[in-house]
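**Q** pasting the sequence and the predicted coordinates here, then a few questions.
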Amino acid sequence: MKYLLISIASVMVVAIMITAIIYYQEPTQVSLPEQPISEESDYADLVPQAVEVEDVISYSLQGDTLTVTFNKGKDWITVPVEKELLFTGEYSGNQQQLIEQSYLLSEERAAFLYAEQSDTGPQNILLISTTDQGKSWEKSLVVEQFPPLRFRKVDFVDDSFGYVILSGDRTMSQEYSSIFLSYDGGETWEEVNRPDVTRLVADGGFVDEQTGFVSFGILNPEEPSLYRTQDGGQNWQEAVFEMPDQYLPVFVQAEMPVKEDDHLTVLVNQGSSGDYDGGLVKGKFISEDQGETWQFVEEVEPDE
């Protein structure tokens with residue numbers, strides 16, 4: 001009986017070993033859930049990458065082409081201008097993004113300043129724009145024979161009235177500047193008088209057809225230097241800032257004024273070397289006389 005039990009146990013052990021060998025030799029079949037394909041990520045690989053992809057209206061400089069979208073990247077429209085012409089001049093930016101203020105993008109209009117290619121000497125400055133979201137494009141000549149660009153800005157106050165501010169031919173802290181206005185939606189441009197100042201342009205523009213501003217001083221400014229016109233650029237006068245004593249060495253560079261209700265407001269920053277409270281805080285000023293004088297209101301944090 002003893003030997004019979006031993007024999008039965010031996011047979012069972014062998015059977016278990018054979019079963020284990022067969023089990024581990026056959027691969028286990030596991031049913032995995034199907035992985036969904038992300039249409040959004042695949043689509044993103046096919047379209048140009050915009051600078052601000054969350055914006056409904058944005059642009060891309062992917063490859064050698066400037067493209068714009070008016071529907072958050074669903075469709076991309078090629079702007080008929082050579083990419084390199086957008087960056088010519090004494091200042092050419094990083095060429096990974098369009099030069100700040102050299103273009104505008106809105107539902108009603110897209111416009112881009114550029115210069116006809118020239119290795120040396122004066123250039124022709126042109127504007128290419130669309131008012132039908134890229135179905136058609138129009139080119140207009142802003143000025144012929146302009147020196148190599150540094151500062152450039154274009155904007156439109158309404159459907160008809162727009163302005164372009166240019167500067168160039170810089171030597172140390174001095175340069176040449178010009179102001180151009182359009183009253184026909186950018187089809188033609190006329191040069192108007194400029195302030196009798198040769199310091200570097202910091203900013204500028206118009207809030208309506210008559211009222212405009214140009215701010216000067218980039219290299220170590222000591223106080224705001226803001227000039228205003230109330231006759232469409234024919235005459236210019238320097239604005240007066242009523243600066244509190246504690247801010248005299250702090251807020252030194254005026255930005256572009258804007259309309260707020262029945263008055264104008266302007267932010268004055270600390271320039272490139274400011275270090276007050278981190279260097280990014282700005283002073284807010286208001287004017288109730290169309291920009292002739294400015295009164296301090298408050299400090300403004302960078303995110304405001």
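**A** Okay, I see it.
**Q** quick one: secondary structure of the residue lying closest to residue 237 once chain neighbours are set aside?
**A** Nearest in space to residue 237, with sequence neighbours left out and distances taken as C-beta to C-beta, 6 or more residues apart in numbering, is residue 228 at 6.2 Å. Where you see a C-beta, it was placed from the backbone N, CA and C, and this is true even at glycine. Assigned by DSSP: H, G, I helix; E, B strand; the rest coil, the conformation of residue 228 is strand.
**Q** I figured residue 228 was touching residue 210, is that so?
**A** No - Residue 228 is beyond contact range of residue 210, at 10.4 Å (criterion: C-beta atoms under 8 Å).
**Q** higher neighbour count, the two?
**A** residue 228 (22 against 13; other C-beta atoms under 10 Å).
**Q** who's in contact with residue 203?
**A** By C-beta atoms under 8 Å, 6 or more residues apart in numbering, the residues touching residue 203 are 153, 214-215, 254-256.
**Q** no no, residue 113
**A** So residue 113 contacts 86, 102-103, 125-127, 142, 152, 154, 164 (C-beta under 8 Å, 6+ apart).
**Q** looking at strand pairing, list the partners for it.
**A** Partner residues in beta bridges with residue 113, using DSSP bridges, are residue 127.
**Q** which residues in the stretch 201-304 of the chain form strands?
**A** 201-206, 212-216, 225-229, 237-238, 240-242, 253-254, 258-260, 263-269, 282-287, 293-300 (DSSP state E, counting those that start in this stretch).
**Q** possible to save the ones you listed as TSV with distance to residue 135 and mean pLDDT?
**A** Below are the strands of the stretch 201-304 of the chain laid out as TSV (distance: least, C-beta to C-beta, whole Å; pLDDT from 0 to 100):
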stretch	distance to residue 135	mean pLDDT
strand 201-206	28	98
strand 212-216	32	98
strand 225-229	36	98
strand 237-238	44	98
strand 240-242	46	98
strand 253-254	39	98
strand 258-260	31	95
strand 263-269	37	97
strand 282-287	40	98
strand 293-300	41	97
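**Q** point to the residue nearest the middle of this protein.
**A** residue 100 (4.8 Å; C-alpha atoms, centre = their mean).
**Q** give me every residue that touches that one.
**A** Counted by C-beta under 8 Å, 6+ apart, residue 100 has contacts residue 93.
**Q** before we move on, back to that, okay, and the beta partners of the residue nearest to residue 237?
**A** According to DSSP bridges, beta-bridge pairing links residue 228 with residue 213, residue 237.
**Q** for it, give me its contacts.
**A** Here residue 228 is in contact with 211-213, 236-239, 290-292 (C-beta under 8 Å, 6+ apart).
**Q** so which of the residues you listed is the closest to residue 250?
**A** residue 239 (18.0 Å; C-beta to C-beta).
**Q** just to revisit the earlier point, so the residue nearest to the centre of the chain, which of the three states?
**A** Here residue 100 is recorded as coil under three-state DSSP.
**Q** do you know how far it is from residue 278?
**A** Using C-beta to C-beta, to the nearest Å, we find residue 100 at a distance of 22 Å from residue 278.
**Q** same check on residue 62?
**A** In terms of C-beta to C-beta, residue 62 sits 35 Å off from residue 278.
**Q** can you add distance to residue 185 and give the strands of the stretch 201-304 of the chain back as TSV?
**A** As requested, these are arranged in TSV below (distance: least, C-beta to C-beta, whole Å):
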stretch	distance to residue 185
strand 201-206	15
strand 212-216	18
strand 225-229	22
strand 237-238	29
strand 240-242	35
strand 253-254	29
strand 258-260	21
strand 263-269	25
strand 282-287	29
strand 293-300	32
